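Trainee: Based on what follows, work out the 3D shape:
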Amino acid sequence: MSVDMGASSGSRLEGKRVFVSGGTRGLGKAAVSAMVAEGAAVAVCARSAGRLESFVRELVDAGGRAVAVPADCGLPDEAQRAVEQAHADLGGLDIVVNAAGVHPAWERVGNHPTESWDSTIRTNLSGFFFVCRAALPFLVAGGGGAIVNISSVSAGRGWELYSPYNVSKAGIESLTRTIAVEYAKDGVRANCVVPGVIDTGITSDILEKDPSVRDVLIAMHPMGRMGTAEEVAEAIVWLASDASSFTTGISLPVDGGFLA
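Mentor: Got it, this is the predicted structure:
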């Protein structure tokens, strides 16, 4: 599905062409909405074709510019195809946002199921690598651009029972710093947003299973609340925009003081 509607209300990303993985839920969905509102044309990528088409249709009906790219970016061939399709549909590529994510089984390292480890690393880390690998030649050929990867406060601590998630997020930050160094002279910036516990997406899945965890999660943040997807999306927009033109290789916490 490909559409091109009129100008939107914002201007920080006017004329920019964006690829967002994991773009129909949680932080990815909030990022897509914020970037479309700032004038970008966004290729929204997700595994669920039905939810993807519905969301893109909403964006278009509201006057935004968007295309739907169904794919599982945890598979290298699909990630390559998705990025190539986005480049073709949008007429180029300026910004990449990796927001796809799953959460693993709750289990100690000594008992953690191989399937949970593999699926988490595949989506949360390998998928980011596959997308970046596919997108970088386009960004370089276009004179530069920005990559924004979604990490987590779990990258910096041994969050109990969450080993593959912790490892995947730490890997994302290392991958991002490497890209920043390797491609700085090509005009490509790469940065991470590091959310605290956000009241959406994966957190919502956890709270559905055990609502009593909410108070525990809130207590981890000195600000006394969980964050919102919109607050994280604002940081993504800033890192993707020319306002952060001298910023690369950083991990920007949006965490209510969690890591302070």
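
Trainee: and F19, bridged to which residues?
Mentor: A43, V96 (DSSP bridges).

Trainee: Please report how far it lies from E208.
Mentor: Distance, F19 to E208, by CB to CB, to the nearest Å: 30 Å. Yep, even glycine has a C-beta here, placed from its N, CA and C like the rest.

Trainee: Give me the below-cutoff pLDDT ranges for the stretch 101-250 of the chain.
Mentor: 201 (pLDDT under 70).

Trainee: quick one: which of F19 and E208 has more around it?
Mentor: The neighbour comparison of F19 against E208 (other CB atoms under 10 Å) goes to F19, with 30 against 8.

Trainee: any chance you could map the helices in this structure?
Mentor: Here the chain has its helices, by DSSP state H, at 26-37, 49-61, 76-90, 114-121, 127-141, 163-183, 201-209, 213-219, 229-240.

Trainee: ok, now how distant is the nearest residue to G145 once chain neighbours are set aside from A146?
Mentor: Spatial nearest neighbour of G145, excluding adjacent residues (CB to CB, 6 or more residues apart in numbering): L139 at 3.8 Å. Distance of L139 to A146, given as CB to CB: 8 Å.

Trainee: Pull up the overlap in contacts between these two.
Mentor: 94, 96, 188 (CB atoms under 8 Å, 6 or more residues apart in numbering).

Trainee: chain center to stretch 160-167, what's the gap?
Mentor: Mean-position distance between stretch 160-167 and its chain equals 19 Å (CA atoms, centre = their mean, to the nearest Å).

Trainee: List the buried residues of it.
Mentor: Buried positions in stretch 160-167, judged by neighbour count with 16 or more other CB atoms under 10 Å: 162-167.

Trainee: May I ask which two of the residues you listed are separated the most?
Mentor: Farthest pair in these (CB to CB) is Y162 and V167. Separation: 9.2 Å.

Trainee: ok, and for stretch 250-259, which residues are buried?
Mentor: Those would be 250-256, 258, for stretch 250-259 by 16+ other CB under 10 Å.

Trainee: which strand of this protein spans the most residues?
Mentor: As assigned by DSSP state E, the longest strand anywhere in the chain is strand 188-195.

Trainee: Next, the contact list for A146, please.
Mentor: 94-96, 188-191, 239-241, 244.

Trainee: Redo those residues as TSV? Include distance to P70 and neighbour count.
Mentor: Below are these laid out as TSV (distance: CB to CB, whole Å; neighbours: other CB atoms under 10 Å):
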residue	distance to P70	neighbour count
D94	22	21
I95	20	25
V96	17	28
V188	26	23
R189	28	24
A190	26	27
N191	27	27
L239	26	24
A240	23	29
S241	27	19
S244	30	18
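
Trainee: Dump these into CSV; add distance to T24 as well.
Mentor: As requested, those are arranged in CSV below (distance: CB to CB, whole Å):
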residue, distance to T24
D94, 21
I95, 18
V96, 17
V188, 26
R189, 26
A190, 24
N191, 23
L239, 21
A240, 19
S241, 23
S244, 26
